[in-house]
Each structure stands twice: as structure tokens, then as C-alpha cells.
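Colleague: structure of the sequence below:
(one chain, ligands or ions: 1)
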Amino acid sequence: MQHYALADPQSADNSNLNRLVGATLADAASETPKVAIAHRLITQLNPQSCVDVIRDRWQAESAKLIHCSVIFGCVDSFSEREQLERFCRRFLIPYIDVGMDVIQYEDEFRIVGQVAQSFPGAPCLRCMGIINEHILKREADNYGSAGPQPQVVWANGVLASTAVSLFVRLFTDWGPKQELVYLEYNGNDSCMAESPRLRHVRKESCSHYEQGSLGDPLFDIASTIRESGAKGVDGVFSPPTNWSDYVAHAPVASPEFMENVEDLPMQ
Ligand SMILES: [Zn+2]
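Modeller: Numbering: from 1, shown residues only. So this is what the prediction gives:
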């Protein structure tokens, strides 16, 4: 792996040094953006890496994500989760979702989390019951009073490593390839197991995302033609005579991804 795109609007501070891998006291003092810390860590490990950095929400520069072979979502809300999954479905990108929460149950705290894989055409987060209208509405109603979500580094580490294992299984010969993965984590018992909800998921297909709703809904053919260098007449842009230029600028899944998809024996 050499190409990365990182998106996060937040900066390091003292409160997250205990869980932000790679961050230092100096980063907290100077409020270094979290993506700059990740960028630094990646290039220190591999100077040849090519990293696109978005110091904002991913939606601000989503074009940088279109050619990703896989996207990991480690977002704070169900609404963000749904938007990112919707984007991935449009551009046929496998999406690996990581979520974690610390909840109070009677007089103790419980660490719960999940790692789920949403593969284009296969069951989505709604099919798996991770997202539904009730959850989205409750979240919208509580928005603003929810406050910062508590996080703990050991649970984050287990969930992140599990997410990486799904990526490795998808793109290498390591382990079985599965279209549908939904693992639940119980941080109090240090237990990661397949979610019981999977028994109720229809495995054949997803009814929430139409197979035909692909590509950029705001795709602007005029600007694409302009960027391809096609010459207009009297300020009106005519279609390019060289259509390979046009096709080269159209949003498509990366060749590496398409190659892997063809080789993927699905269970
Ligand atoms: Zn679905």
C-alpha cells in the first residue's frame, strides 16, 4: 500500500493524546491536525508513500476518495456513516466501518463496538441493522447535547486491527473472502464475535441501494469537457472529438479494484 487519502477536520489536543497513535505533547501544544500526524507517521514508515490530505470533513473534497480501492470509515455518527457508505456504493468501493462506544449500564461502563464490511451489491449497514431510520432520528434529535464520544485506545486498537484484517482478506490470498462481515466487540470481556443479527440478514442482495444509482450525481459534463482540453466555438463547448480524453476523466472504479473484483470468489 502506497497511496492513501486521509480526512479529518480535528486537531490534536491534550484530551486525545492517550489514544491518538503517533501524536506527541508538541502536537497537542501546537494543535497539529490529526491528518497531519497520520501523514507524518505514514511517510516516516514509507517515504515513497503518496498521501492526499483533507483537513476537513471528507465531504469537502470527496473527489480525492473516488479512486480509492477501499474506504475505512471511523466516523462519530450514524448520519456520517450512512453518507460515507452511500458515497462508496455510488463508486463501487468496498466500505469497512468501524464504530465504538462506551455506555453506562446500571452502575458500570461497557465498551461496545463493531466492524462491518459493506461490499457493493451485497447487504449494506441498513440490511445488517447497524443503521435505521429510528437510530438516525434519535441521533438528529439529540444532536448538540450528545457531547464528545468517549474512546479508549485498547478497544480502538482491536477494532482498527480487525478492520485491517478485512482489507487484507479482500485484497490478498490471506484468509477467506466474504461479502458479508459484521463482527461485534465486547470490550469488557475482550471478545470479538460474529453478530447474532447476521442470522436475520438476507444474504442475496440489498434493497436499500439501487444497482443503477452509480457515479457522481453532480457530474458536470461541461467542466469535464473543458478539463479535457476540447475547444469550443464562440464560448459554447462542443463535445470532444477524442472520446478517450472524455472517458479518461469520467469517474470509474480503479483498475486495481476491478481486477480484484473479477478474481473474488464470493461465499
Ligand atoms: Zn441494504
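Colleague: quick one: the strands in the protein, in order.
Modeller: For the chain, applying DSSP state E gives strands covering 3-7, 50-54, 71-73, 95-105, 108-118, 181-186, 191-194.
Colleague: what lies in contact with the third one?
Modeller: Which is strand 71-73. Applying Cβ atoms under 8 Å, 6 or more residues apart in numbering, the set of residues contacting strand 71-73 from outside is 65, 80-81, 84-85, 87-88, 93-98, 163, 167. For glycine as for every other residue, the C-beta is placed from the backbone atoms N, C-alpha and C.
Colleague: list the contacts of stretch 17-34.
Modeller: Contacts of stretch 17-34 (Cβ under 8 Å, 6+ apart): 8, 10-14, 16, 37-38, 40-41, 55, 151-153, 156.
Colleague: that older thread, which among the strands of the chain is found nearest to G175?
Modeller: strand 181-186 (10.9 Å; Cβ to Cβ).
Colleague: which strands and helices sit next to the closest one?
Modeller: Applying 3 or more Cβ pairs under 8 Å, 6 or more residues apart in numbering; DSSP states H and E, one finds that strand 181-186 contacts strand 108-118, helix 153-171, strand 191-194.
Colleague: need the winner for burial among these.
Modeller: Of all the helices and strands packed on strand 181-186, strand 108-118 has the most neighbours on average by mean count of other Cβ atoms under 10 Å, namely a mean of 20.
Colleague: does that strand come close to the ion?
Modeller: No: on the criterion Cβ under 5 Å from the ion, strand 108-118 is out of touch with the ion, staying 8.3 Å away.
Colleague: alpha carbons of that strand, as CSV, please.
Modeller: What follows is strand 108-118, C-alpha atoms only, in CSV (Å, rounded to 0.1, in the frame of the first residue of the first chain):
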residue,chain,number,x,y,z
GLU,A,108,-20.9,0.0,35.3
PHE,A,109,-19.5,1.1,32.0
ARG,A,110,-19.4,-1.1,28.9
ILE,A,111,-17.2,-0.9,25.9
VAL,A,112,-19.1,-2.0,22.7
GLY,A,113,-18.1,-1.8,19.1
GLN,A,114,-18.4,-3.2,15.7
VAL,A,115,-16.5,-3.8,12.5
ALA,A,116,-18.7,-4.3,9.4
GLN,A,117,-18.0,-4.7,5.7
SER,A,118,-20.3,-3.2,3.1
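Colleague: so which elements touch it?
Modeller: By 3+ Cβ pairs under 8 Å, 6+ apart, strand 108-118 packs against helix 78-90, strand 95-105, helix 153-171, strand 181-186.
Colleague: quick one: that strand to strand 95-105, angle?
Modeller: Following axes from the mean of the first three to the mean of the last three Cα atoms, to 10 degrees, one obtains 170 degrees for the angle between strand 108-118 and strand 95-105.
Colleague: for strand 108-118, give me every contacting residue.
Modeller: 85, 88-89, 94-104, 124-125, 128, 130, 152, 155, 158-159, 162-163, 166, 170, 178-188, 192, 195.
Colleague: walk me through which strands that strand pairs with, and which way each runs.
Modeller: Partner strands and pairing direction for strand 108-118 (DSSP bridges) are strand 95-105 (antiparallel), strand 181-186 (antiparallel).
Colleague: out of those strands, deepest packed?
Modeller: Most buried of these, by mean neighbour count (mean count of other Cβ under 10 Å): strand 181-186, with a mean of 20.
Colleague: is the ion within reach of that strand?
Modeller: No: Strand 181-186 lies out of reach of the ion by Cβ under 5 Å from the ion, never closer than 12.2 Å.
Colleague: same question for stretch 83-100.
Modeller: No: judged by Cβ under 5 Å from the ion, stretch 83-100 and the ion are separated, with a smallest distance of 9.2 Å.
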